[in-house]
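Chemist: need a 3D model of the sequence below.
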Amino acid sequence: MIKGKFKNKKVLIIVGLILVSILIKYCFFSFESGDYKRFLFKWYNILNEEGLMSVVNGLGNYNPPYLILLYLLTFLPGPAIVKIKLLSVAFDILMGFFGYLIVKELSNKKYSYLSWIVILFLPTVILDGSVWAQCDSIYTTFVLLSLYLLLKEKYSLSFLSLGIAFSFKLQFIFILPLFVILYFVNKKFSIWNFLLIPLGNIIMCAPVLLMGMPLINCFTTYVDQTTNYSVYLTRNLANIFTFLPNEKIIGYIFFIITGLIFLGLLIYFIRRKKEITKKEMISIGLFGILIAVYFLPFMHERYMFMADILSIIWYFIYRKKIYIPIIINLTSLAGYSVYLFGMDYLPLWVFSLLMLIAIIALLLDIINKKIPLPFIKKKNSV
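Modeler: Purely as a prediction, here's the structure:
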């Protein structure tokens, strides 16, 4: 009886706070960001007039699945800006739900549902969809679903969900090192599962493929994006390139450095000769995202979005080192503030240093704070 009352109270709290988050976000719906005015609104109007054939003919620089969703929005009543932002807000809620499921699966804590609420009210979650009119919550939702299915050992579905995330944003790739490490260390799924990632993308592109769009177009969008946005080594994102000159050769060097970091992590877990636990999967996933956005060139402010969410999930699972998610989210917010409002409340190099601290702290946590020093001998116990 008491348990039933608590459950009903919890549901009421969640529903009530979800509605509050929607109302808060609705207050920003009239804000027209540069991306909305230059791209989204124009794409919406073209889709409204020409339908999906405009996607077949090469509309926009987003992969087809998001443009298909925009096309479906044209059948609903209301202003374009409201519908586009409501789409992102709906995925904010779903994203928080999958985050909650992961926390509940790994923490067994009575108040794990609070992770859902915290995610909904994160500053970057509010700014990304309801202010910027961006859709980062969509691909992040499917990444979290993939992680949840991974924890449940439903590997084929997990990889297929990764493929759906891939169909919306290339940034899904930041979580991929976790799956590579798991393949070599835990050895619980086949290498053929990785083929489900491009398959998921193809399935999501099916409507326009059936209308005549070349299959290769499901993948060339991302090639074009990486080419068009490679002028600056970092765009409003506090990472290692905050301290370095904007030279492409430096960026290419750090491609190699990033690869070596991931290789080192893989070698560590292989040599440890111990299966990676489910809790460790979340730590490794978060660490992989942070390494990617910190050391890879051509990163933008929104590319930390997935780290913002996963850092909250990580904290609710481990309940320690709260400064790690705080640093991550403040750093991400700093980039958003520069782009959206021209505000830099602290120089980006300050956040870059803080991020390095957070990355090192997380790494030490992953390796249990034990760094083997061969020149130091252990004292014999008395």
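
Chemist: need the contact list for the residue nearest the centre of the chain.
Modeler: Nearest to the centroid of the C-alpha atoms of the chain, with distances taken as C-alpha atoms, centre = their mean, sits Met306, at 2.2 Å. With contact taken as C-beta atoms under 8 Å, 6 or more residues apart in numbering, Met306 is in contact with Asp136, Tyr139, Thr140, Val143, Gln171, Phe174, Ile175, Ile289. Every residue, glycine included, has its C-beta placed from N, CA and C.

Chemist: make CSV from those and add pLDDT to it.
Modeler: Shown next, in CSV, are the contacts of Met306 (pLDDT from 0 to 100):
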residue, pLDDT
Asp136, 97
Tyr139, 98
Thr140, 98
Val143, 98
Gln171, 95
Phe174, 97
Ile175, 98
Ile289, 98
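
Chemist: how about those residues in CSV, adding neighbour count?
Modeler: Shown next, in CSV, are the contacts of Met306 (neighbours: other C-beta atoms under 10 Å):
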residue, neighbour count
Asp136, 26
Tyr139, 26
Thr140, 31
Val143, 29
Gln171, 24
Phe174, 25
Ile175, 25
Ile289, 27
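
Chemist: which helix or strand contains the residue nearest to the centre of the chain?
Modeler: helix 305-318 (DSSP states H and E).

Chemist: quick one: distance of that helix to the chain centre.
Modeler: Centroid displacement of helix 305-318 relative to its chain, using C-alpha atoms, centre = their mean, to the nearest Å, is 10 Å.

Chemist: what is the subsequent helix or strand relative to it?
Modeler: Downstream of helix 305-318, the next assigned helix or strand under DSSP H and E is helix 323-341.

Chemist: buried residues, that following helix. List them.
Modeler: Neighbour counts over helix 323-341 (16 or more other C-beta atoms under 10 Å) mark 324-325, 327-340 as buried.

Chemist: same for the helix or strand following that helix, what does it pack against?
Modeler: Under the assignment DSSP H and E, the closest C-terminal helix or strand after helix 323-341 is helix 348-366. Judged by 3 or more C-beta pairs under 8 Å, 6 or more residues apart in numbering; DSSP states H and E, the packing partners of helix 348-366 are helix 278-295, helix 323-341.

Chemist: which strands or helices does the first one pack on?
Modeler: Read it as helix 278-295. Packed against helix 278-295, as judged by 3+ C-beta pairs under 8 Å, 6+ apart, are the following elements: helix 80-107, helix 136-151, helix 176-185, helix 248-272, helix 305-318, helix 348-366.

Chemist: could you do the last one as well?
Modeler: Helices and strands in packing contact with helix 323-341 are listed as helix 123-126, helix 305-318, helix 348-366; criterion 3+ C-beta pairs under 8 Å, 6+ apart.

Chemist: mind checking which of the ones you listed is nearest Ile13?
Modeler: helix 305-318 (15.9 Å; C-beta to C-beta).

Chemist: now that closest one: mean pLDDT?
Modeler: Across helix 305-318, the average pLDDT comes to 97.

Chemist: what's the angle from it to helix 80-107?
Modeler: 30 degrees (axes from the mean of the first three to the mean of the last three C-alpha atoms, to 10 degrees).

Chemist: hmm, Pro65 and Val208 touching each other?
Modeler: No: between Val208 and Pro65 no contact is recorded; they are 9.1 Å apart, counting by C-beta atoms under 8 Å.

Chemist: what helices or strands is the least confident helix or strand in the chain by mean pLDDT leaning on?
Modeler: In the chain, the helix or strand scored least confidently by mean pLDDT, DSSP states H and E is helix 217-228, which has a mean of 81. For helix 217-228, the elements it packs on are helix 64-73, helix 196-204, judged by 3+ C-beta pairs under 8 Å, 6+ apart.

Chemist: who's in contact with Phe351?
Modeler: Phe351 sits next to Ala238, Ile327, Leu330, Thr331, Ala334 when contact means C-beta under 8 Å, 6+ apart.

Chemist: change it to 7 Å
Modeler: Residues near Phe351 by C-beta atoms under 7 Å, 6 or more residues apart in numbering: Ala238, Leu330, Thr331, Ala334.

Chemist: can you pull the phi/psi pair for the first one?
Modeler: Dihedral angles phi and psi of Ala238 (degrees, to the nearest 10) take the values phi -80, psi 100.

Chemist: mind listing what's buried in stretch 72-84?
Modeler: Buried, per 16+ other C-beta under 10 Å, within stretch 72-84: Leu73, Ala80, Ile81, Lys83, Ile84.

Chemist: repeat for stretch 348-363
Modeler: Within stretch 348-363, the residues scored as buried using 16+ other C-beta under 10 Å are Leu348, Val350, Phe351, Ser352, Leu354, Met355, Leu356, Ala358, Ile359, Leu362, Leu363.

Chemist: same list (the helices and strands packed on helix 217-228) but as a markdown table, adding mean pLDDT.
Modeler: Shown next, in a markdown table, are the helices and strands packed on helix 217-228 (pLDDT from 0 to 100):
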| stretch | mean pLDDT |
| --- | --- |
| helix 64-73 | 97 |
| helix 196-204 | 97 |
